[in-house]
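A.B. asks: sequence plus the predicted model coming up.
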Amino acid sequence: MMMALCFAGCDGSDKDGPLVDSAPIEVEGFCTDYTAEADSVSLEEGNEGATSGQVQGRLIQGVVADPSDPRFVSFVDYIMDNLDVGGQPTVGRTDADGYFTETLGAGNWHIKTSGHQGSYYCAADLDFTVISGRITRLCVDMNCQ
C-alpha cells in the first residue's frame, strides 16, 4: 500500500515548469517586457566544452496587457529548423508559462509557430544562432493580430 502512494511522485522531481539539469529556466526579468524584449536573442555562458548548445526561450505577445498571458503562450507547438544543414526539424511545445528548452547542434536556426489563439491569429518567426557550450536565450514575439 505504501508503494502505491509513493509511485506517483517520490522521485523528487518537480513537474512544474521547464527543467534544465533539474533546475527551472525561469530567469527573473527575462522576457517580461514586450516593448523592450520581443524577438530578442542573447548568449550566455554555458557548459564549456560541450559539442552542442542549449536554447532556452519564452513566447511573448503584445495584444493584451500581460505579455505572458497564458491564453496566448501556453502549450503552443513550435518547429525549429537548422538553416545550415537542414534535416529533420526539432518540434516541441511550450509549457503552461510559455517556456521551452532544447539542446541543438551549433549553427543557424529558425523557430516558427502559428495558429489561432482565441479570436487572434498568431505567427512567430525568428532566426537565431546556437554556439557550442553556450546558452542561447530567445524571447519570441507571437505577432498576434
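C.D. replies: On my side now, so go ahead.

A.B. asks: need the contact list for residue 106.
C.D. replies: Residue 106 sits next to 51, 52, 53, 130, 131, 132 when contact means Cβ atoms under 8 Å, 6 or more residues apart in numbering. Glycine gets a C-beta too; all of them are placed from N, C-alpha and C.

A.B. asks: repeat for residue 82
C.D. replies: 89, 104, 105, 107, 108, 109.

A.B. asks: how many residues are close by the fourth one?
C.D. replies: Per other Cβ atoms under 10 Å, the neighbour tally for residue 107 reads 15.

A.B. asks: what's the closest non-adjacent residue to it?
C.D. replies: residue 84 (4.1 Å; Cβ to Cβ, 6 or more residues apart in numbering).

A.B. asks: touching, that neighbour and residue 127? I think so.
C.D. replies: No. At 11.5 Å, residue 84 and residue 127 do not qualify as touching, with contact defined as Cβ atoms under 8 Å.

A.B. asks: overlap in contacts of these two?
C.D. replies: Residues touching both residue 84 and residue 127 by Cβ under 8 Å, 6+ apart: residue 108.

A.B. asks: distance check, the most centrally placed residue in the chain against residue 111.
C.D. replies: Centroid-nearest residue in the chain, with Cα atoms, centre = their mean: residue 100, separated by 2.5 Å. Per Cβ to Cβ, to the nearest Å, residue 100 is found 9 Å from residue 111.

A.B. asks: list residues touching both of the two?
C.D. replies: 57, 78.

A.B. asks: any low-confidence regions in the chain?
C.D. replies: Filtered on pLDDT under 70, the chain yields the residue ranges 1-28.

A.B. asks: at 90 what do you get?
C.D. replies: For the chain, the stretches with pLDDT under 90 are 1-30, 46-51, 86, 115-118.

A.B. asks: now the strands for it?
C.D. replies: Listed in chain order, the strands of the chain (DSSP state E) span 19-20, 23-24, 40-45, 52-60, 77-82, 90-93, 99-105, 107-117, 120-130, 134-141.

A.B. asks: which one of these lies closest to residue 34?
C.D. replies: Of all the strands of the chain, it is strand 52-60 that lies closest to residue 34, at 5.7 Å by Cβ to Cβ.
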